[in-house]
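Peer 1: for reference, the sequence and a predicted model appear below.
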Amino acid sequence: MNINIKDLYFTYPTGLEALKGINLTIESGEQVAIVGQNGAGKTTLARHFNGLLKPTSGSVSIGDWETTKYSTAKLASRVGYVFQNPDEQLFSRDVRTEVSFGPKNLGYSKEKIDELVKRALSLTELNGKTETNPYDLSPAWRKMVALASIIAMDTPIIIFDEPTTGQDALNVGRIARVIAELRHEGKTVITITHDIDFCAENFDRVIALAKGQVLLDGMTKDVLGEEETLAQTYVDPPQLTRLGKALGLKDTVTTQEEFLKAIMWG
Amino acid sequence: MAFVNIQNLTYKYPLTKEPVLKNINLQVQEGEFVSVIGPNGAGKSTLCYALAGFVPHFFKGEISGEIEVDGKLSSKSTLDEWVLNVGLAFQNPFNQISGAKYTVFEEIAFGLENIGVPRDEMKKRVEDAMSLTGISELADRSPYSLSGGQQQRVALTSILVMRPSLLVLDEPTSQMDPIGTREVFGVVRKMAEEGMTVMMVEHKVEWIANFADRVIALKDGQILLEGKPNEVLTSDVLVEHGFGVSRYTSTAREAKQRGLWKKNNLPVTLDEAVQGFKP
């Protein structure tokens, strides 16, 4: 299910012009990271995917649905959205109820709901915490609950808004495994992130936004190698990419193996 | 006499079974910039709350040991007195923003209003603090119309404007782009050089190595390691305990195994990595 964005402009009621002419196609099954400085319009753009925001002009289509013609509740069957702040999204008395809420609302059968909830809880390693009140968990685990509750909806498209914020290395690893599994299942995953090393290690395509427009869009390695252009939107390339550049390596490297190979062979 | 002196601090929230902090002993000198790292659930935020007086004065629970800041004991102070000396920027800026103010300017002035600072002085202090953290252009925006990173800067500014002698920051850059992160570390360093004592919880180890004086690694409510940034941040112990490390450190560690890193010390920062990998 493709996402098509045509000449998207969005102005907040306050007069703030957050998006100024975005054109993008994201194809079914792509793993896309959206990067850019604070206030670049990343979250504003992502909130158009599930109709939380509607274009001031231009259009956003999810498959054959133009978002202005469908409610957010309806769009939720195609696009799941994990908020930056889990506290904006959690409200149930225990983890299992929370994670079951989405699939129940989508009207799946009881068997299917049980299966989806089970899979979401095990992917996010929440099995031991199903009866806990989400607000008795640490913020990091609340984030995993927020992730699970969206994954359980089994939508073809999933948006993560800053999934690694405030997460330690173990949880970042867990989130990377969740994304890998979603990729394996053929889901489209779109992630907003400032964690550029995480971006380099988990995504095929990177879109850099600056001041409400697309600055760069392409394969991860090509985009993250554009140090000077990225600087316009305050994105530093990954640590190993910067190290490779500083050492004068010929090719752009983004991962440890690439880097070690490059210095071994000169 | 240390500016911050924590003695045998053990603390349990009202509803937790186990103590979250276990026999913490920690001294911080005046003007020192100390960074605290640790996995989720290590007790980092609780330690921040303890320094800021919220533990135990707000959260209650069971506490033993003593927390002393600038010669005053937390156990002998009220929260009202304590917050004049110690400022805490919360991990989640959404929890800190008052909700009572329409503009960023008013939000930042809120604390000063509460302690009765005269109008002209208040205006000047708010303007100075906003210019320090680079948010002057946000003055007339609603705090709720800002991006996550911008809100974090507002939250930090609203604490800095109070001029606390101890500044406690709980992951102040978690939602920030690299420029925001660099500016916050720069501002905090400057504050420390002007004599403010700083305790900052952070995950961004490359920045810590560039700016902090000392690093404390917390795990399961206890201090696992403390010392100079490079020493702590390159320790094998961190890897065994699930701490995040710099890609420079992990890559050099692997390179060392393959004979491609010759130095004794592993790098944390770009400069250190370049020095070591340079042919």
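Peer 2: Everything's here; your move.
Peer 1: tell me which residues in stretch B:111-123 are buried?
Peer 2: B:111-112, B:117, B:122 (16 or more other Cβ atoms under 10 Å in any protein chain shown). Heads up, the C-betas are built off the backbone N, CA and C, glycines and all.
Peer 1: could you find the closest non-adjacent residue to the residue of the stretch 1-150 of chain B found nearest chain A?
Peer 2: Residue of the stretch 1-150 of chain B nearest chain A, by Cβ to the nearest Cβ: residue B:149 (3.3 Å). Once flanking residues are discounted, residue B:149 sits nearest to residue A:38: 3.3 Å by Cβ to Cβ, 6 or more residues apart in numbering or on different chains.
Peer 1: any idea how many residues pack against residue A:201?
Peer 2: Look at residue A:201: counted by other Cβ atoms under 10 Å in any protein chain shown, it has 17 neighbours.
Peer 1: that one reaches residue A:255, doesn't it?
Peer 2: Yes - counting by Cβ atoms under 8 Å, residue A:255 is a contact partner of residue A:201 at 6.4 Å.
Peer 1: ranges for the strands of the stretch 1-150 of chain A?
Peer 2: For the stretch 1-150 of chain A, the strands defined by DSSP state E, counting those that start in this stretch cover A:3-11, A:17-26, A:31-35, A:57-62, A:65-66, A:79-82.
Peer 1: what's the closest of those to residue A:180?
Peer 2: strand A:31-35 (9.1 Å; Cβ to Cβ).
Peer 1: so what's the nearest residue to residue B:277 once chain neighbours are set aside up against?
Peer 2: Leaving out its chain neighbours, the residue that sits closest to residue B:277 by Cβ to Cβ, 6+ apart is residue A:247, at 5.7 Å. Shown in contact with residue A:247 (Cβ atoms under 8 Å, 6 or more residues apart in numbering or on different chains): A:263, B:274, B:277-278.
Peer 1: mind listing the strands for chain B?
Peer 2: B:4-12, B:21-28, B:33-37, B:62-69, B:72-73, B:86-89, B:166-170, B:197-201, B:214-219, B:222-227 (DSSP state E).
Peer 1: helices of chain A, residue ranges please.
Peer 2: A:42-49, A:72-75, A:95-105, A:110-123, A:139-151, A:169-184, A:196-202, A:220-224, A:227-231, A:239-246, A:256-265 (DSSP state H).
Peer 1: with mean pLDDT added, can I get these in CSV?
Peer 2: Converted to CSV, those look like this (pLDDT from 0 to 100):
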stretch, mean pLDDT
helix A:42-49, 95
helix A:72-75, 92
helix A:95-105, 93
helix A:110-123, 96
helix A:139-151, 91
helix A:169-184, 93
helix A:196-202, 92
helix A:220-224, 93
helix A:227-231, 91
helix A:239-246, 94
helix A:256-265, 91
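Peer 1: contacting residues for the residue positioned nearest the centre of chain B?
Peer 2: Nearest residue to the geometric centre of chain B (Cα atoms, centre = their mean): residue B:200, 1.8 Å. By Cβ under 8 Å, 6+ apart, residue B:200 lies in contact with B:33-36, B:168-169, B:172, B:188, B:208, B:212.
Peer 1: just so I know, which of the helices of chain A lies nearest residue B:160?
Peer 2: helix A:139-151 (23.4 Å).
Peer 1: nearest spatial neighbour of residue A:206, skipping sequence neighbours?
Peer 2: Using Cβ to Cβ, 6+ apart, the closest residue to residue A:206 is residue A:223 (4.1 Å).
Peer 1: so that neighbour sits against residue A:215, correct?
Peer 2: No - counting by Cβ under 8 Å, residue A:215 is not a contact partner of residue A:223; they are 9.2 Å apart.
Peer 1: these two: which is more packed in?
Peer 2: Taking neighbours as other Cβ under 10 Å, residue A:223 and residue A:215 compare with residue A:223 leading, 25 against 19.
Peer 1: contacting residues around the residue nearest to residue B:149?
Peer 2: A:234, B:147-150, B:175-177, B:180.
Peer 1: count of neighbours near the residue nearest to residue A:52 when sequence neighbours are not counted?
Peer 2: Spatial nearest neighbour of residue A:52, excluding adjacent residues (Cβ to Cβ, 6+ apart): residue A:72 at 5.7 Å. Residue A:72: 15 surrounding residues under other Cβ under 10 Å.
Peer 1: residue B:264 now?
Peer 2: A count of neighbours around residue B:264, defined by other Cβ under 10 Å, yields 7.
Peer 1: ok, it to residue A:263 distance?
Peer 2: Separation of residue B:264 from residue A:263 (Cβ to Cβ, to the nearest Å): 19 Å.
Peer 1: likewise residue B:64?
Peer 2: To residue A:263, residue B:64 is 52 Å away according to Cβ to Cβ.
Peer 1: so which of the two has more stuff around it?
Peer 2: residue A:263 (20 against 13).
Peer 1: pretty sure that one sits against residue A:249.
Peer 2: Yes - look at residue A:263 against residue A:249 with Cβ under 8 Å: they come within range, at 7.3 Å.
Peer 1: who touches residue B:207 in this structure?
Peer 2: If a contact means Cβ under 8 Å, 6+ apart, then residue B:207 has B:173, B:181-182, B:185 as its contacts.
Peer 1: again, only this time at 7 Å
Peer 2: B:181, B:185 (Cβ atoms under 7 Å, 6 or more residues apart in numbering or on different chains).
Peer 1: for residue A:12, same thing?
Peer 2: A:18, B:145 are the contacts of residue A:12 under Cβ under 7 Å, 6+ apart.
Peer 1: what about the helices in chain B?
Peer 2: With DSSP H as the criterion, chain B has helices at B:44-52, B:54-57, B:79-82, B:93-96, B:104-114, B:119-132, B:148-160, B:178-193, B:205-211, B:229-233, B:236-240, B:247-257, B:270-277.
Peer 1: chain A contacts on the stretch 101-250 of chain B?
Peer 2: By Cβ under 7 Å from any Cβ of the partner chain, the residues of the stretch 101-250 of chain B that approach chain A are B:145, B:147-150, B:171, B:174-180, B:203, B:206, B:242-244, B:246-248, B:250.
Peer 1: hmm, which of these are the buried ones?
Peer 2: For these, buried by 16+ other Cβ under 10 Å: B:147-150, B:171, B:174-180, B:203, B:206, B:242-244, B:246-248, B:250.
Peer 1: surely residue A:186 and residue A:31 touch.
Peer 2: No - between residue A:186 and residue A:31 there is no contact under Cβ atoms under 7 Å: 10.8 Å.
Peer 1: who in the stretch 1-150 of chain A is up against chain B?
Peer 2: Counting by Cβ under 7 Å from any Cβ, the residues of the stretch 1-150 of chain A lying close to chain B are A:12, A:14, A:37-39, A:43, A:84-85, A:138-140.
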